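[1] Got a predicted structure here, sequence first:
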There are 2 protein chains.
Amino acid sequence: MACKIGLLGLGTVGTGTVQILLDPMQRHPLVQELELYRVGVRSPDKPRAVNLPDSLVTTDLEAIVTDPKVDIVVELIGGLEPARSLILKAIAHGKHVVTANKAVIARFGDEIFTAAEKAGVYVLLEAAVGGGIPVVEPLKKSLCANRIHTIMGIVNGTTNYILTRMQTEGGDFSSILADAQRLGYAEANPTADVDGLDAADKIAILATLAFGGRVKLSEVHCEGIRQVSAADIAYAEKLNFVIKLLAVAKRNPQISPGDTEQLQVRVHPTLIPKVHPLASVNDVYNAILVEGEPIGQVMFFGPGAGAGPTASAVVSDILNIAAILKVERGTRTQENGAPLLDPLLACSHQHYCAIAPMEELNTRFYARFLTQDYPGVIGSLGICFGNYDVSLESVVQTGLRGELAEIVVVTHDVREGNFWQALAEISTLEAVSSIPSTLRVL
Amino acid sequence: MACKIGLLGLGTVGTGTVQILLDPMQRHPLVQELELYRVGVRSPDKPRAVNLPDSLVTTDLEAIVTDPKVDIVVELIGGLEPARSLILKAIAHGKHVVTANKAVIARFGDEIFTAAEKAGVYVLLEAAVGGGIPVVEPLKKSLCANRIHTIMGIVNGTTNYILTRMQTEGGDFSSILADAQRLGYAEANPTADVDGLDAADKIAILATLAFGGRVKLSEVHCEGIRQVSAADIAYAEKLNFVIKLLAVAKRNPQISPGDTEQLQVRVHPTLIPKVHPLASVNDVYNAILVEGEPIGQVMFFGPGAGAGPTASAVVSDILNIAAILKVERGTRTQENGAPLLDPLLACSHQHYCAIAPMEELNTRFYARFLTQDYPGVIGSLGICFGNYDVSLESVVQTGLRGELAEIVVVTHDVREGNFWQALAEISTLEAVSSIPSTLRVL
C-alpha cells in the first residue's frame, strides 16, 4: 500500500526530492512504497530538470493539501505565505507535513505544532537546519537522554563560504560577496544570509529541540558578518583564531536552585580557537556541536545546503512518517480522539524559554582600537577596562595605520554589559581615534 | 504507565545507565516514565558507584529476561556468553532488547535479528558503535533516502589514543601502549583493540546498516597497529599524512550492469591526508564519515567510549522503544501474529553481502625499503613495480639508516594483488635488505 505524497514546490529542493523518489534503487526498500501523487507549482510551463506527467502537476496547491487521498504534504515552496497557510490547512485535513522551511517554523512553530498535536499528525523538519546533516532527528532521538547545555554551530553556508575566502585570500567582505553572488553562492539580495537572519531562524529551531521550550525569534540576538574586515581576520590568524559566523544556544548556569532557568540564544561573528572542532569547518560546509551530560561533546558535519543534501533530509522525513503509517499507530488516542503521537518525534513544547539579556552574557571579547601614537595609551585603555571589571588576556600594539597606532585587545570572560560600558568610556578618551571592530571570542 | 527495564550488568556502562535513569531532571520528560525494575549482576556485594535497593538487584539473570513484567531488557554484560543466550531468551519472551555488545551483534546478528523479527520486538544497538556518537539511528533513519557508497571511520578509541601520542611525542608503539595501559586507556590484554578486532566488529555492523545486507565477520580484512613504527609516522608527517586505524566499508563500482554487487570491508592502519576531515580526529575521539548520493559527505564526531557517552546511547535506545510502546503500535501484525515492526528501525536484512577479495582492492600504498646504498637501486625498484602495473606517485630516498639507504615509496591507486606481487619480486632483489613497512594510503 503506497504512501501518497503531495509535493508543494518544484524548485531546487523539490526537484532533488523528485529525483530521489523516481530512482529508488539501492536506497531503503521503503522508498519504493512512496507514491508521488501530486506536485503543486506556480508556473507549470517552466522548464525543469525532471519530467513529470501532466496529470501529476497542478497549480492548485489548496487542492493538494485538502485532497483526502494525500497522506503526507511536503512543503518546499519556502517563504512565509502561502507556506504557513498551506501547512496549517494540511494539518487541519489530517495530513502529516514535511517541510524545509526554517523561516515558517522559526516564526510560526508555536501555531503549527499546537495544531499538529491537536490533529495527531507529525510535522518533520530535518531539512530546515543544516541541509542534509542529520541533526534534528538525532537531537529528538539519539541524544534525548542527555541534559543538553550547549548547542552551537556554523549553520549558514553562504557566510561560511565568504569568511573562508576572506581568510584564504585576505580579501575584503564586499568584493568577495560580489564574487560569491556571481558564482551563485550568495543571493542577489544577500541580507538573510550575511546579516545572520537565516542563522537566527536555525538556532531558534535548534534551541527549541535541545532545551524543550519554544524560543521567540525576536529574542534571538543577531549580528551578521558585514563588519568583519580583512584586518580582523589577519589579526585573528596571528592570535591563532579563525572568524566564523557562530550560532549559539546555551543554558545559563543556575547560581542558586531557585533561579529561573535562562537561555542565551545568539548569532554573531566569533573568533574561534584554531584547535576547536568548528574552526576547520570551511566553505559551504556546516557543522553543529552539541554539549551535554553525560554525552560530552558531539559534532555533526556535512553539506548545509544544496538540492541533493536537502532532498536527502526531506525524503528521510517522508520515510520516517511512511514507516509509522505502515505499522499503523494510533490504537491509543488523545482525549480529542486524535492519534497519540510518539513523544520523541512530536514537538509538544508548551512553554517559552526565558532568554537572558545580552548584557548578562559572560564572554571573551576582541577589540581593535586606532589611537594616537604616544606613551601611556595602553595604560589608559587598561585603566578604563579595569574600572568596569573587564580583565584583559592580551594587549598588543600591532603597528601603525597611517599616523595612528593600532591596538588589539583580547579580554578574559567578562560580563558583556560591563564591556560595553568600558568601551563607551574608552571612546571618549582623547587618545582614542576610533574603535573599528569588536567581536566576541569563543 | 511506566516502562519496566530489566538491566543485565552493572559495570561501567551499566552504572552510567543507572545514573541517568535515577536523575531525570532536564532530560526528555519520557525518562521519568522509565522504571528500573530489576538489575542483574554477578557479584551483588561488589562496591559500586550507585546505591540500589536490595530488592532490585539479583544474580539470577535468567529470571530477568523471562519476567513477564519486564518490557525492555538492557544487556550490558558484554562478551559472547551468556550475553547471546540471554538476548535470545529475552526475545523469545517478547522483550525488546537494547545492547552495547558489538561482539555479540557482529557474530550473532543473523540469529538475533531473525528471532527479533519473528517475535516482533526491537533490538537496538546505538551504543555498540562509536560510544555516544549518534550513528546507528542516523544511518537507519536520517540517511535512509541515500544510496550509501562509503562508510569509514576511526571507531576504536584506544588505538587512536596510542597513534595520536606516537604522532605528538614521536614515541614507539610498545612504550606508549604500556603507558596507555598504566593510565587505563588500554586493557591489560590489548589484543581486541590494537589488533583491530574491535574495529572489525564495528565496521561489520556499520556495513550491515549502510548497505542493507549482513556481513560475515570472517570476511572482514583486519590489520592492527602493532607494526606502525615511529619512523613511519615521521615519514607520513613529512608527506602531509597522519596514520590512523581506519575501518572502511565501501560498495565496489559495478563495471557493467549485470555484475554482482560487492563490498570491501576492511580495517587497517592508513595514511590519511592532513586536510581530510578524519585526520584531525585525535585522542580517544571517534568519527564516522558517510558518503552517499545525494547527501555527499557527512561526518559524526564524538566520544567513542566511556561510561557517560555509552550510557547516553543506551538510554536513548530505551527511550525510543518506550516512545513506541507509549503509542502502542501493533494493530497490524505479521502472518505469525507478532506485531509488525517499523521497517526503518528493525534489522530485517535477509541476504549476506558479497565481499570482494582484498587483492582486487584499488588503493594507494606507502612502502618503506632498506637497501644497499649504490646507484640504480631506485631504478630497479621502479622497474619491478612497473612490471606489475604499479604506478608510483613519489619515490624519496630519505637518508641512511646505518649503512643502508632508506627509500619511501607512495603509489598511485593500484590493484592490491599487483602491489603484493611486485613487492614479492622486490624482496628478492639483492640490493634490497628489508621492507620494514607497507601501509595503505587513503
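    Right, received. Where do you want to start?
[2] Please enumerate the strands of the stretch 151-300 of chain A.
    Using DSSP state E, counting those that start in this stretch, the strands of the stretch 151-300 of chain A run over residues A:221-222, A:241-251, A:262-273, A:285-293, A:296-303.
[3] Which of those strands sits closest to chain B?
    Nearest to chain B among those is strand A:296-303 (3.4 Å), distances taken as Cβ to the nearest Cβ. Backbone N, C-alpha and C define where each C-beta goes, glycine included.
[4] for that closest one, what is the average pLDDT?
    When pLDDT is averaged along strand A:296-303, the result is 97.
[5] pLDDT of stretch A:24-33, averaged?
    Looking at stretch A:24-33 alone, the average pLDDT works out to 93.
[6] For that stretch, list every residue counted as buried.
    Buried residues in stretch A:24-33, counting neighbours by 16 or more other Cβ atoms under 10 Å in any protein chain shown, are found at A:24, A:26-28, A:30-31, A:33.
[7] try stretch A:361-377
    By neighbour count, with 16+ other Cβ under 10 Å as the criterion, the buried positions of stretch A:361-377 are A:361, A:363-371, A:377.
[8] got it, and stretch A:187-205?
    Using 16+ other Cβ under 10 Å, the residues of stretch A:187-205 that count as buried are A:190, A:192-205.
[9] Could you tell me which of these belong to helices?
    Among the buried residues of stretch A:187-205, the members falling in helices (DSSP state H) are A:192-194, A:197-205.
[10] Just give me the closest of those residues to chain B.
    Relative to chain B, and with distances defined as Cβ to the nearest Cβ, the nearest of those is residue A:205, at 15.7 Å.
[11] Mind splitting chain A into its structural domains?
    A:3-131+A:307-327, A:137-302, A:359-441 (automatic domain parsing).
[12] Quick check: residues of the stretch 1-150 of chain A near chain B?
    Within the stretch 1-150 of chain A, the positions near chain B by Cβ under 8 Å from any Cβ of the partner chain are A:16, A:19-20, A:25-31, A:126, A:132-134, A:137-138, A:141-147.
[13] ok, now with 6 Å
    By Cβ under 6 Å from any Cβ of the partner chain, the part of the stretch 1-150 of chain A that sits against chain B consists of A:20, A:26-28, A:30, A:132-134, A:137-138, A:141-142, A:144-147.
[14] Quick check: the two most widely separated of those residues?
    Of all pairs drawn from those, the greatest distance, 39.1 Å, lies between A:26 and A:147 (Cβ to Cβ).
[15] most neighbours, which of the residues of the stretch 1-150 of chain A next to chain B?
    With neighbours defined as other Cβ atoms under 10 Å in any protein chain shown, the most crowded of the residues of the stretch 1-150 of chain A next to chain B is residue A:132; it has 33 neighbours.
[16] Quick check: that one touching residue B:295?
    Yes - the criterion here is Cβ atoms under 6 Å, and residue A:132 meets it with residue B:295 at 4.6 Å.
[17] List the residues that are in contact with both of these two.
    When contacts are counted by Cβ atoms under 6 Å, 6 or more residues apart in numbering or on different chains, residue A:132 and residue B:295 have A:309, A:312 as shared neighbours.
[18] Phi, psi for the closest residue to chain B within the stretch 151-300 of chain A please.
    Nearest to chain B, among the residues of the stretch 151-300 of chain A, is residue A:294, at 2.8 Å (Cβ to the nearest Cβ). Main-chain torsions, residue A:294, degrees, to the nearest 10: phi -100, psi 10.
[19] Now name the helix or strand holding the residue nearest to it when sequence neighbours are not counted.
    With sequence-adjacent residues excluded and distances taken as Cβ to Cβ, 6 or more residues apart in numbering or on different chains, residue A:294 is closest to residue B:308, at 2.8 Å. In this structure, residue B:308 is located in helix B:307-326 according to DSSP states H and E.
[20] Please flag which of the residues of the stretch 1-150 of chain A next to chain B sit within helices.
    Filtering these for membership in helices, criterion DSSP H, returns A:20, A:137.
[21] what's the most distant pair in the buried residues of stretch A:24-33?
    Taking Cβ to Cβ as the measure, the buried residues of stretch A:24-33 reach their widest spread between A:26 and A:33, a distance of 15.6 Å.
[22] and the closest residue to residue A:230 other than its chain neighbours, how many neighbours?
    Distance criterion Cβ to Cβ, 6+ apart; nearest residue to residue A:230, sequence neighbours excluded, is residue A:172 at 5.0 Å. One way to gauge burial is a neighbour count; for residue A:172, by other Cβ under 10 Å, it gives 14.
[23] likewise residue A:334?
    For residue A:334, using other Cβ under 10 Å, the count is 13.
[24] do the same with residue A:170
    A count of neighbours around residue A:170, defined by other Cβ under 10 Å, yields 12.
[25] ok, now residue A:351?
    Burial of residue A:351 is recorded as 8 neighbouring residues (other Cβ under 10 Å).
[26] May I have the beta-bridge partners of the closest residue to residue A:317 other than its chain neighbours?
    In space, and not counting its chain neighbours, residue A:317 is closest to residue A:124: 3.8 Å by Cβ to Cβ, 6+ apart. Note on residue A:124: beta-bridge partners residue A:98, judged by DSSP bridges.
[27] is it true that residue A:124 touches residue A:97?
    No - under the criterion of Cβ under 6 Å, residue A:124 is not in contact with residue A:97, lying 7.4 Å apart.
[28] Residue A:348: which element?
    Counting by DSSP H and E, no helix or strand carries residue A:348.
[29] Go ahead and list the helix or strand containing the nearest residue to it once chain neighbours are set aside.
    The spatially closest residue to residue A:348, leaving aside those adjacent along the chain, is residue A:117, at 5.3 Å (Cβ to Cβ, 6+ apart). In the assignment (DSSP H and E), residue A:117 maps to helix A:102-119.
[30] Now flag whichever of the buried residues of stretch A:24-33 is closest to residue B:406.
    Within the buried residues of stretch A:24-33, distances to residue B:406 taken as Cβ to Cβ reach their minimum at residue A:26, with 45.6 Å.
[31] For the closest one, which non-adjacent residue is spatially closest?
    The shortest distance from residue A:26 to any residue that is not its chain neighbour, by Cβ to Cβ, 6+ apart, is 4.3 Å, and that residue is residue B:147.
[32] For the nearest residue to residue A:373 once chain neighbours are set aside, name its beta-bridge partners.
    Using Cβ to Cβ, 6+ apart and skipping residues adjacent in sequence, the residue nearest residue A:373 is residue A:405, 4.2 Å away. According to DSSP bridges, the residues that bridge with residue A:405 are residue A:371, residue A:400.
[33] Name the residue closest to the centre of chain A, please.
    Residue closest to the mean C-alpha point of chain A, counted by Cα atoms, centre = their mean, is residue A:202 at 2.7 Å.
[34] I am finished for the moment; much appreciated.
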